[in-house]
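Visitor: here is a sequence together with a model predicted from it:
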Amino acid sequence: MRDRGPLFSSFILLVWDAAVLAALVSGLAHLPVAYRYGLIDTWDTSPTVIHYWSAAAMLLLAAYAGVIWFGESGGRFRLSRWGRLRVVLVILLAVSGLLLILHNLEDVSLYGATYAICKLGHLACALLFAFFLLLRGCMRLLGRGRCVLPLPGGRRR
């Protein structure tokens with residue numbers, strides 16, 4: 001049997017990185033510092049629109065990764081600690097982001113401490129995600145920090 005190669009193509013990884021960068025920049029543009037120093041006035045479109053589209057791209061790519069992982073990995077790969085951390089942070093970002101979207105609906109509202117925890121949790125997860133991506137990128141330059149590792153003796157299809 002021939003080896004089927006890596007689990008995800010370079011193109012998918014490039015689109016993932018672009019979606020993460022767009023979501024991070026547009027999400028940070030919502031902070032009061034961006035308004036205070038006039039960074040928002042220079043954008044032609046709302047950072048909210050960019051943030052929602054990039055978050056949708058991230059959710060689609062995460063769903064694609066899940067389907068590929070469960071359908072194609074077939075005992076050939078395992079998640080490293082970086083990979084498990086990445087999965088947990090993406091899940092927390094998705095759940096808190098969806099709760100914040102639900103807050104925008106008329107019939108659903110989050111108030112007080114619940115809204116603050118959800119909002120600050122989303123920000124904390126995003127900042128942790130960005131920090132760990134930067135750290136993982138530096139480790140990748142050293143040849144370490146991979147998220148998906150091949151299993152020795154994993155079965156081949």
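Guide: Received the coordinates, thanks. Numbers count the residues shown, from 1 in each chain.
Visitor: could you point out which element follows the helix-or-strand element of the chain with minimal mean pLDDT?
Guide: Lowest mean confidence among the helices and strands of the chain (mean pLDDT, DSSP states H and E): helix 32-36, at a mean of 70. Per DSSP states H and E, the first helix or strand lying C-terminal to helix 32-36 is helix 47-72.
Visitor: now that following helix: average pLDDT?
Guide: For helix 47-72, the mean per-residue pLDDT is 89.
Visitor: in it, what counts as buried?
Guide: Within helix 47-72, the residues that count as buried by 16 or more other CB atoms under 10 Å are Pro47, Ile50, His51, Ser54, Ala55, Ala57, Met58, Leu59, Leu61, Ala62, Ala65, Trp69. In this view, the C-beta of every residue, glycine as well, is placed from N, C-alpha and C.
Visitor: next structured bit after it?
Guide: Following helix 47-72 in sequence, per DSSP H and E, is strand 77-79.
Visitor: what does the next helix-or-strand element following that next one rub up against?
Guide: Moving toward the C-terminus from strand 77-79, the next helix or strand (DSSP H and E) is helix 81-103. With CB atoms under 8 Å, 6 or more residues apart in numbering as the test, helix 81-103 has contacts from 55, 58-59, 62, 79, 108-110, 115, 118-119, 121-122, 125-126, 128-129, 132, 136, 139, 145-149.
Visitor: next, name the residue at the spatial heart of this protein.
Guide: By CA atoms, centre = their mean, the chain has its centre lying nearest to Val90, at 4.7 Å.
Visitor: pLDDT wise, what is that residue at?
Guide: Note for Val90: predicted pLDDT of 93.
Visitor: likewise Cys118?
Guide: We have a pLDDT of 91 for Cys118.
Visitor: and what of Leu135?
Guide: At Leu135, the pLDDT value in this model is 87.
Visitor: so what's it closest to, chain neighbours aside?
Guide: Sequence neighbours aside, Gly145 is the residue nearest to Leu135 in space, at 7.6 Å (criterion: CB to CB, 6 or more residues apart in numbering).
Visitor: surely the one you found and Met139 touch.
Guide: Yes - assessed by CB atoms under 8 Å, Gly145 is found in contact with Met139 at 3.0 Å.
Visitor: which of those two has more residues huddled nearby?
Guide: Each of Gly145 and Met139 has its neighbours counted (other CB atoms under 10 Å); Gly145 has more, 16 against 13.
Visitor: any idea how far that one is from Arg81?
Guide: Counting by CB to CB, to the nearest Å, the gap from Gly145 to Arg81 is 10 Å.
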